[in-house]
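Q: this one's structure only:
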């Protein structure tokens, strides 16, 4: 009996030509027009690959809830997602809401690269990797206990989703194969069939 965990990153909140801001837990933006299209493509991918979730969870933020809504409509799946605070984006602290160029100027490219490649939290951000890892471990245990054999979809942010590989117990092995960053509208697939959680695919771009 296989339990499947689908993790999707929400779609874009900015379009080409917009000033890109570093938006996190305290900035509740809706999807942009390109984000809506990404969400629809995600739903189309689920439908074409016959991956229908039995249960859906999202963060409390508009961009995640809207991504789920558009995707599920496109997939032809009628469900009411449940929101969970644990899936909210990280808080970017002093950089929250600032133009991305300003964030790069403050932190430097090396600090941002360490975040993107190794999930090392830059100075000034209010993010707790241990808590985010534990959030995934608790959620994984919950769905194995209450929803074994089901397919679960979570729509969240890149900042939170990057810690989901903690479920496998081998984050070093994960980083040897994949980059943690997930594209907007991207999809990751984890499975549990009686042993440990394993990553079937990471950062699928529908």
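A: Arrived safely. None of the values given here were measured: they were computed from a predicted structure.
Q: hey, let's count contacts and neighbours off CA atoms from now on
A: OK.
Q: residues in contact with residue 66?
A: Taking Cα atoms under 8 Å, 6 or more residues apart in numbering as the criterion, residue 66 is in contact with 30, 31, 36.
Q: and residue 182, by the same measure?
A: Residue 182 neighbours (Cα under 8 Å, 6+ apart): 9, 158, 161, 162, 202, 203.
Q: what comes into contact with stretch 12-20?
A: So stretch 12-20 is contacted by 29-36, 38, 63, 99-100, 184-185 (Cα under 8 Å, 6+ apart).
Q: same question, stretch 43-50
A: Counting by Cα under 8 Å, 6+ apart, 52, 70, 71, 72, 73, 74, 75, 76, 206 sit against stretch 43-50.
Q: residue 113: which of these is nearest?
A: Nearest to residue 113 among the contacts of stretch 43-50, counting by Cα to Cα, is residue 206 at 25.0 Å.
Q: what sits against the closest one?
A: By Cα under 8 Å, 6+ apart, the contact set of residue 206 is 38, 41, 42, 45, 185, 186, 187.
Q: in the protein, which spans are strands?
A: Listed in chain order, the strands of the chain (DSSP state E) span residues 3-9, 55-58, 82-83, 151-156, 187-192, 198-204.
Q: what's the closest of the ones you listed to residue 171?
A: Among the strands of the chain, strand 198-204 sits nearest to residue 171 (Cα to Cα), with 10.8 Å.
Q: which helices and strands does the closest one pack with?
A: If contacts are counted by 3 or more Cα pairs under 8 Å, 6 or more residues apart in numbering; DSSP states H and E, strand 198-204 sits against strand 187-192.
Q: which residues touch the strand it packs on?
A: Outside strand 187-192, the residues touching it (Cα under 8 Å, 6+ apart) are 2-9, 42, 197-206.
Q: measure how buried residue 177 is and give me the count.
A: Residues near residue 177, counting by other Cα atoms under 10 Å, number 10.
Q: can you tell me how far it is from residue 111?
A: Per Cα to Cα, to the nearest Å, residue 177 is found 22 Å from residue 111.
Q: what does residue 203 give?
A: Distance from residue 203 to residue 111, by Cα to Cα: 22 Å.
Q: who has more neighbours, those two?
A: Taking neighbours as other Cα under 10 Å, residue 203 and residue 111 compare with residue 203 leading, 20 against 15.
Q: returning to what we had before: export the strands of the chain to CSV and tack on distance to residue 19 and mean pLDDT?
A: Putting those into CSV (distance: least, Cα to Cα, whole Å; pLDDT from 0 to 100) gives the following:
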stretch, distance to residue 19, mean pLDDT
strand 3-9, 21, 98
strand 55-58, 26, 98
strand 82-83, 29, 98
strand 151-156, 22, 98
strand 187-192, 25, 98
strand 198-204, 25, 97
